[in-house]
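Asks: Sequence plus the predicted model coming up.
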Amino acid sequence: MLEHLTKETFKTKVFNFEKNKEWKFEGSKPCVIDFYADWCGPCKMVAPILEDLSKEYKDKVDIYKVNTEEEGELSSMFGIQSIPSILFVPLDGQPQMAMGALPKDAFEQAFKDVFKVDKAIINR
């Protein structure tokens, strides 16, 4: 199940922007943050892909969602102007933003390239 972040949970799991001026990732494994809105058609296309990925990569990548309608401060902090906007946050280094509804293979490629992780073995 994907976790929806609020400003407070974002500060503990991703980046405490009130405490740090420089980027400092708070998580223990790489994460993806989907900036979305409930009314957004392309966002609805990405949602089931992210659900699948959260199961397939459950021990290797955290997948979060931020509702841009409810979390305006987070959205403006990252300069979100179009949705969906997907933020890829590696353990080390700077986060990378992708715009638009990405297909599943693009997420998997980004997980390999940005996070250096491959799909987890799924127990059947």
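Replies: Alright, I've got the coordinates. Residues are numbered from 1 along each chain as shown.

Asks: for the helix or strand harbouring L74, packing partners?
Replies: Of the helices and strands defined by DSSP states H and E, L74 is found in helix 72-77. Judged by 3 or more CB pairs under 8 Å, 6 or more residues apart in numbering; DSSP states H and E, helix 72-77 is in contact with helix 7-13. Any C-beta I mention is one placed from the backbone N, CA and C, and that applies to glycine too.

Asks: For the helix it packs on, buried residues please.
Replies: Within helix 7-13, the residues that count as buried by 16 or more other CB atoms under 10 Å are 10-11, 13.

Asks: show me where the protein has strands.
Replies: Assigned by DSSP state E, the strands in the chain fall at 3-4, 31-36, 62-67, 85-89, 96-99.

Asks: and among these, the most buried is which?
Replies: Stretch with highest mean neighbour count among the strands of the chain: strand 31-36 (a mean of 24; mean count of other CB atoms under 10 Å).

Asks: so what does that one touch, helix or strand wise?
Replies: Strand 31-36 packs on helix 41-56, strand 62-67, strand 85-89, going by 3+ CB pairs under 8 Å, 6+ apart.

Asks: Let's have the ones you listed in TSV, adding distance to L102 and mean pLDDT.
Replies: Conversion of the helices and strands packed on strand 31-36 to TSV gives the following (distance: least, CB to CB, whole Å; pLDDT from 0 to 100):
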stretch	distance to L102	mean pLDDT
helix 41-56	7	96
strand 62-67	13	97
strand 85-89	6	97
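
Asks: With respect to N20, which of those lies nearest?
Replies: Closest approach to N20 among the helices and strands packed on strand 31-36 (CB to CB): strand 85-89, 14.1 Å.

Asks: So what's the gap between that closest one and the chain middle?
Replies: Here strand 85-89 is found 5 Å from its chain centre; the criterion is CA atoms, centre = their mean, to the nearest Å.

Asks: Check stretch 45-62 too.
Replies: 10 Å.
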